[in-house]
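# let me see the structure of the following:
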Amino acid sequence: MRSRRGVVLVTVLLLLLAATLLVHGSVVLARAHHGGATAAWEAARVRRAAVGRLAAAVRDGGVTASSWSRAGPGVEATVRVVELGPELRLLAGGARGPRARWWVGRHVWRPDPAFRAAAVRAALTAASPTGGGGVVTGGAAGSCGGGRPLPTRSTPDSAGPRIGPLDLERLEGLAGVWTMEAGCTGGCAPRLGRSEGGVVTGGEHAGVLVSRGDLVLSGAARVRGHLLVEGALILRDSARVDGAVEVSGSVTLSPRSVIRGDRCAVADAWRDGVANAVGAVALEPRPWPLWGPPP
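Okay, here's the model as predicted:
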C-alpha cells in the first residue's frame, strides 16, 4: 500500500514539475515575443521619424542642419547636411530610440547663381548651324563665371537642353506659366517660366525660360537670362537675347537680330527668387538607408 502511495506521490510531483516547466516556458516565450514586438515597433517608429525629418529638410530647402530634438514618445531625430559640391548636398536624416537607431539619406541639388553662370557652355548651344544674317557673340570676360569669356557656340548633349540634373520635363514641372504675349517694359523681374512655344511679338522677358515647342521672337522682343527651347528658334526683326540659349532644333536669325552671350545675365536670371523658386530638388525618388551617420 505504501509503495503504491509513494508511486502516486512521485507521479503527481513529476506532473506538477512538468506543468511548472510548461508554464515557465510559456511565460519566457511570451516575454520574448513581447520584447521582439516592442523592438520592431520601436524600430518602425525610429525609421518613420528619420524619414519624416529628412522630408521636412528637403521641403525647407536642404540647407540647414538640425540638432537632436523630440520626434515622438521616446524618439529623437536630427538632420545633417554634407556639402558634396557647389550645388550638390547629401541630406541625412537620423533618429534614435532606447534600442534602435536609423539613418536615411537623399542627394539634393540646389541651384547656385554664380555656379550656373560658370556652367554655361556658350552663347548658343544648338544641334544645327545658325541660319540667317543675325549675330551670335560670346561674352567678354567679366566678374561672372570666374572671369572666363563665354564661347560663341557649342553642340548640345544627346539628352537635349537641361540645367544641371534637370531636363526640360522636370524644369517644366517646377516653372510657372510664361505669358509670352505681354512681357513687360522698363525692366523685368526674373522668373522661372514655361510655355508651349508660339510667337512673342515684343516686350521684355527675363529669367530661366523654357519653351516645349518651336519659338519665334519678333518685333522688339528681348529676352535676358537663360532660354531653353525644345524645338526650333527663330529671331525676326530686331529681337534680341542676352544671356545663353540652348536649342534642340534649328536656329534662324534675321539680319538685325542678336544673340549675345552674357554670363552675368544668366547669373542675374537665377537671382531674385528664381533659385528659391526651384528650391532643393531631391535626385532620388525615395530615401535610401545609410549604414551609420554621415561624417
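# all contacts plus neighbour counts: C-alpha atoms, from now on.
Will do.
# touching, residue 262 and residue 139? I think so.
Yes: Residue 262 is within contact range of residue 139, at 5.0 Å (criterion: C-alpha atoms under 8 Å).
# what is in contact with these two at once?
Taking C-alpha atoms under 8 Å, 6 or more residues apart in numbering as the criterion, residue 262 and residue 139 both touch 123, 150.
# these two: who's more crowded?
Higher neighbour count among residue 262 and residue 139: residue 262, with 30 against 21, using other C-alpha atoms under 10 Å.
# per-residue confidence for the more buried one?
On the pLDDT scale, residue 262 is placed at 91.
# what's the answer for residue 45, then?
Note for residue 45: predicted pLDDT of 89.
# name the nearest residue to it, ignoring sequence neighbours.
Setting aside the residues directly before and after it, residue 45 is nearest to residue 75 in space (C-alpha to C-alpha, 6 or more residues apart in numbering), at 7.7 Å.
# what bridges to the one you found?
For residue 75, the residues forming beta bridges with it (DSSP bridges) are residue 72.
# what's the answer for residue 82, then?
With DSSP bridges as the criterion, residue 82 is bridged to residue 90.
# just checking, it touches residue 90?
Yes: checked against C-alpha under 8 Å, the pair residue 82 and residue 90 is within contact range at 5.0 Å.
# neighbours of the residue nearest to residue 45, how many?
20.
# now do the same contact list for it.
By C-alpha under 8 Å, 6+ apart, the residues touching residue 75 are 45, 46, 49, 95, 96, 97, 98.
# 10 Å - rerun?
42, 45-46, 49-50, 68-69, 95-98, 100-101 (C-alpha atoms under 10 Å, 6 or more residues apart in numbering).
# can you pull the phi/psi pair for the residue nearest to residue 264 when sequence neighbours are not counted?
Of all residues beyond its chain neighbours, the one nearest residue 264 is residue 144 (5.2 Å), with distances taken as C-alpha to C-alpha, 6+ apart. Main-chain dihedrals, residue 144, degrees, to the nearest 10: phi -90, psi 150.
# wait, residue 144 touches residue 261, no?
No: look at residue 144 against residue 261 with C-alpha atoms under 10 Å: they stay out of range, at 11.8 Å.
# who has more neighbours, the two?
Set side by side, residue 144 and residue 261 show more neighbours around residue 261, with 30 against 21, by other C-alpha under 10 Å.
# re the thing from before, how about TSV for the contacts of residue 75, with secondary structure and distance to residue 157 added?
Below are the contacts of residue 75 laid out as TSV (DSSP: H, G, I helix; E, B strand; the rest coil; distance: C-alpha to C-alpha, whole Å):
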residue	secondary structure	distance to residue 157
42	helix	48
45	helix	45
46	helix	43
49	helix	41
50	helix	38
68	strand	44
69	strand	45
95	strand	41
96	strand	45
97	coil	48
98	coil	51
100	coil	46
101	strand	43
